[in-house]
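**Q** Everything below, folded, please.
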Amino acid sequence: MPSKSPKRARTESLEEKKSRAERILRQMKKEFPQPKTALLHENPFQLLIATILSAQCTDARVNMVTKDLFKKYKTPRDFANAIVTELESDIRSTGFFRMKTKNIMGCSKALVEQHGGKVPDSMETLVQLPGVGRKTANVVLGQAFGIVSGIVVDTHVHRLAQRMGFTSEDTAEKIEVDLMKVFSKKHWIDVGSVFILHGRKTCGARKPRCLECAVNELCPSAILT
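**A** Numbers count the residues shown, from 1 in each chain. The predicted model follows:
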């Protein structure tokens, strides 16, 4: 009789995890052959702002907001010189709008004053900007510059990494380290994008659709009924 409980994962060696990770990524890329961020942008700066806005907000909502936002504010200087209450109103629907306004204006001011209005292309420099952590920096470096710096860990990646048995950690930084151990560096950019797409489509937080999952035979948490 088919099991209605998650498969129990046996202890795997690092090499076994690497092999399974490669097979999972290969299978998932058949479904998402050209994985990329869903955040609409035309340049690295727009992606940086969109990613800051995406915290605790859906990409679809961010795209609705930035459609008009990027027509109104075109450069870092525009955002740096924005009227606080006006910008807060412009991005209110993304949530946490006061903190996001503070970060966007602070980040934009730093770009103007310290980087000639250009978005830096290094992890070390990006994470020094207000409102920019490793996740945001990884998104910008990978998607805007094609630079492999790490693996984006958002809530979807966090969830999938644990369910697939690649980590038992609970912080983004430690999960990223574990994922970088099992996935080849040349795939790091794609890993984050593919996991996010798979998490949205199939491996939801409340009700994963394991029977429809392309990698259910490779996932120790899959519930096959």
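**Q** for the protein, what spans make up the helices?
**A** In the chain, the segments counted as helices under DSSP state H are 14-31, 44-53, 59-72, 76-80, 84-91, 97-115, 123-126, 134-139, 155-163, 172-182, 188-201.
**Q** and of those helices, who's closest to Leu218?
**A** Comparing the helices of the chain against Leu218 with CB to CB, the closest turns out to be helix 14-31 (5.1 Å). The way it works is simple: take the backbone N, C-alpha and C, and place the C-beta from them, glycine included.
**Q** For the closest one, buried residues please.
**A** Applying a neighbour-count criterion of 16 or more other CB atoms under 10 Å, the buried positions in helix 14-31 are 17-18, 20-21, 24-25, 27-29.
**Q** what would these look like in TSV with pLDDT and distance to Thr11?
**A** Shown next, in TSV, are the buried residues of helix 14-31 (pLDDT from 0 to 100; distance: CB to CB, whole Å):
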residue	pLDDT	distance to Thr11
Lys17	96	10
Lys18	97	15
Arg20	97	13
Ala21	97	16
Ile24	97	18
Leu25	97	22
Gln27	96	23
Met28	96	24
Lys29	95	27
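**Q** Export those residues to TSV and append columns for distance to Ala144.
**A** Output for the buried residues of helix 14-31, formatted as TSV (distance: CB to CB, whole Å):
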residue	distance to Ala144
Lys17	30
Lys18	28
Arg20	31
Ala21	26
Ile24	26
Leu25	22
Gln27	27
Met28	23
Lys29	21
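**Q** which of those residues lies closest to Val84?
**A** Met28 (42.3 Å).
**Q** Same question for stretch 76-85: list its buried residues.
**A** For stretch 76-85, by 16+ other CB under 10 Å, it's 76, 79-80, 82.
**Q** for stretch 38-47, same thing?
**A** By neighbour count, and taking 16+ other CB under 10 Å as the criterion, the buried residues in stretch 38-47 are 38-39, 41, 44-47.
**Q** Same check on stretch 204-223?
**A** Burial within stretch 204-223, assessed by neighbour count using 16+ other CB under 10 Å, is assigned to 208, 210, 213-216, 218-219, 221-223.
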